[in-house]
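> return atomic coordinates for the entry below.
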Amino acid sequence: MIIKKLVLHNFRVFHGTHEIELEPRTTGHATKPIVLFGGLNGAGKTSILTAIRLALYGRSAFEELYQNQDYIEKLTSLIHNGVNVTQQPNKASVSLTFTYNKDGEESEFMVIRSWERGNKDRLKLAQNGNPLTELNYDQCQGFLNELIPHGIADLFFFDGEKIASLAEDESGKVLQTAVRRLLGLDVIAKLRNDLMIYLKRQGANAFKEENQLQIKALEEKKIQLGHSAENFRYAADASKNLIDLINLDIRKQEGLLAAQGGAFALTKAQEQQRVDELLKEKAQIEKSIRHEFEGTLPYALAPKALSRLLAQLETESVVKQSQNFSKELKHFLSDLRKNTSFSSPEIRQAAAEAIEAQLNTYLAQKPKEELLLDISERESGMLQQAINSDSRASWQRFEKARVRLAEVENLLEQAAANIERAPDEEQLLDIVQAIRYLDAKRQTALTEYTSLLEKARQALQGQLDCARQLQKLYDKERTQHSSTTSVMHAQSILAMLDDYAEALTSARVKKLESEFAQAYHRLARKDDLQITARINPTTFDVELLDEQSIAINRKSLSAGEKQIYAIAILEALAKSSGRQLPVIIDTPLGRLDSHHRDKLIKHYFPFASHQVVLLSTDTEVNEHYFFDKLKPYISHAYQIRFDGSSKSTSLQPGYFWHEYAVEIY
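Got it, this is the predicted structure:
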């Protein structure tokens, strides 16, 4: 396949009609494969890739377009929007001309897809200049899908920054679709289905009359159930749209309610209850604070004075002890002098004088303060306990209560403000009733939606039951009429196809693994993981192995390694299939470092296909890559320029360096 020409008319940033020649040109005896587009971000590079995909696949070119209206809105958004709103174009189109070898014969096809604002697209298809008027829209689209299946094109027409998703696909579905279609494995499945249809028809021809009537009735019932399921699904979609509209109305009413203070009104009763609880708590806190003031808390308010008090009590305690000691000792001395049984009077007098002299010396060192308080030891101990311990604990309780009291008073102010903001209930009554009505309406619609989905499910289940009953009848009659040679051969071929498919898949997967290893080693840097791939021929899960054949997690690869892995897979698929399809890459080097870029520039782009369309910025294919690496392989180049004053894009020959444009053409 070679894409020869792309024509854009009022498509996105392209105002008017733009013809773009994409067929690689021959210089001497060599055909240069690369057609290079250069443009800054936002100039329109992606629009070219989008136009090609849209021309070939229509609605399937975009993701997440579940309804026709979504597709119509998407098409409308693709019509050029100029500076002057009153002069904006009302319609647009894309046209693609390409050659394709079908059944050994090369033909030139031209597909034209056009549309107007607010309308679905129209599709025209011509082969070798002859319009295929016998095909309607769906048949034309089906014809294009057969030529270039959408699953295959995703692997050849891609955005370089998004291709890493292939590396992150752990389900194997993307690779499975590509392998089956590119390597021809889907033909086996198609042949198997054709044989099954043939066997059913052969069996039906030999059925007894009563079985034929039963089969006819089941076929009619199956068709009827299929239509019923489709109608129920359509009705469910309409019900879902109604639910979405009701949700939108509810959001509008809720916004109006919020704008009029509805949020405060809805919580007014809660705020009032909260105020009552806070007032109770405040009264309890104030009571506990008064209790602390009635206790030992005042001691904590005068620490210096109380410290002097404790010192005075300590001093008076010492003075009392000295006085008591002196008093008792003097009584002892008096008794000593009077005691005639103890030695001579001279000795008693000398001993008493000596003891009294020592007492005076001892008392001279003791304080002789006046007793100001003169309290008992028990009272002094209680006072010390109150000052040193009880007052501190009381202060901590007081401080905690004081902080909480401040918080409660602040919360009371906030609650009072919220209550003040709340409008009267009568002011919001209409809005609240409207919300309640819409909510009830939504519940009814949800019930209907659920019911319709259940009916559709039941209809599909009934259709499946009919299909199973039909299969049983076919199998029963086939066993009775399998004696014919054709039926026997068909049945034997069915058994052979499974073995053949398994063997062919295994062989193709082995070749794919080998091609991948060669491609990856050629494109990867020396310091990258030197990985190989092991592909499960049944599930098509890809397991990456390092140099020691140890499995590695694809998520651990860097962004650059993922892109190199994905491109290596694509190249391996292309070589394994033998198909000649163009490669179109938007933003080819955006996620790569300089070393990975060097590898792709040197070993991939010049040899990726017989036709390679690159949509690049000046920082990707820069001056160095342009002149030193790619120039011998560039057929021709375009520069995409966006004019901010007219909000439109134009194409000019050459790349970013005009003085060298003539050398390319």
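> can you classify Lys221 by secondary structure?
helix (DSSP: H, G, I helix; E, B strand; the rest coil).
> hang on, isn't it packed against Leu464?
No. At 11.9 Å, Lys221 and Leu464 do not qualify as touching, with contact defined as CB atoms under 8 Å. To be clear about C-beta, it is placed using only N, CA and C from the backbone, and glycine gets the same treatment.
> pick out whichever of these two has more residues nearby.
For Lys221 and Leu464, the more surrounded residue by other CB atoms under 10 Å is Lys221, and the numbers stand at 16 against 12.
> tell me who's in contact with that one.
Each residue near Lys221 by CB atoms under 8 Å, 6 or more residues apart in numbering is listed here: 462, 466.
> tell me the secondary structure of Asn101, please.
strand.
> for it, give me the pLDDT.
Asn101 carries a pLDDT value of 82.
> next one: it from Arg53, what distance?
21 Å (CB to CB, to the nearest Å).
> repeat for Glu108
20 Å.
> with neighbour numbers in mind, choose between those two.
Arg53 (21 against 14).
> name the nearest residue to that one, ignoring sequence neighbours.
Ala61 (4.0 Å; CB to CB, 6 or more residues apart in numbering).
> likewise for Lys240?
Tyr449 (5.8 Å).
> show me the contacts for that neighbour.
236, 239-240, 243.
> tabulate those (TSV), appending distance to Asp430.
Shown next, in TSV, are the contacts of Tyr449 (distance: CB to CB, whole Å):
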residue	distance to Asp430
Ala236	33
Ser239	28
Lys240	29
Ile243	23
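> so of those residues, which ones are in helices?
Residues of the contacts of Tyr449 located in helices (DSSP state H): 236, 239-240, 243.
> just those residues now: which is nearest Gln358?
Ile243 (108.9 Å; CB to CB).
> so the closest one versus Glu294, what's the distance?
Where Glu294 is concerned, Ile243 sits at a distance of 66 Å (CB to CB).
> repeat for Gln214
100 Å.
> low-confidence ranges in the stretch 201-350 of the chain?
The stretch 201-350 of the chain contains residues with pLDDT under 70 at 201-211, 257-269, 336-337, 339-343, 348.
> mind listing the strands for the stretch 251-400 of the chain?
Under the criterion DSSP state E, counting those that start in this stretch, the stretch 251-400 of the chain contains no strands.
> what about Trp395, neighbour count?
16.
> skipping adjacent residues, who's closest to it in space?
Trp395's closest residue in space is Ala300 (CB to CB, 6+ apart), at 4.1 Å.
> kindly report the same for Leu36.
Here the residue nearest Leu36, using CB to CB, 6+ apart, is Ala637, at 4.1 Å.
> what's the burial count for the one you found?
26.
> are we agreed that it is in a helix?
No. Going by three-state DSSP, the assignment for Ala637 is strand, not a helix.
> quick check: it touching Val35?
Yes. Using CB under 8 Å, Ala637 makes contact with Val35 at a distance of 7.3 Å.
> helix/strand/coil for His521?
Assigned by three-state DSSP, the conformation of His521 is helix.
> sorry, back to before: buried subset of the ones in helices among the contacts of Tyr449?
236, 239, 243 (16 or more other CB atoms under 10 Å).
> the residues you listed into a markdown table, with extra columns for distance to Asn119?
Shown next, in a markdown table, are these (distance: CB to CB, whole Å):
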| residue | distance to Asn119 |
| --- | --- |
| Ala236 | 26 |
| Ser239 | 26 |
| Ile243 | 27 |
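> ok, these vs Lys455, which is closest?
Out of those, the member with the shortest distance to Lys455 (by CB to CB) is Ala236, at 8.5 Å.
> all helices of the stretch 1-150 of the chain, in order?
45-57, 68-78, 137-147, 150-153 (DSSP state H, counting those that start in this stretch).
> most tightly surrounded among those helices?
helix 45-57 (a mean of 22; mean count of other CB atoms under 10 Å).
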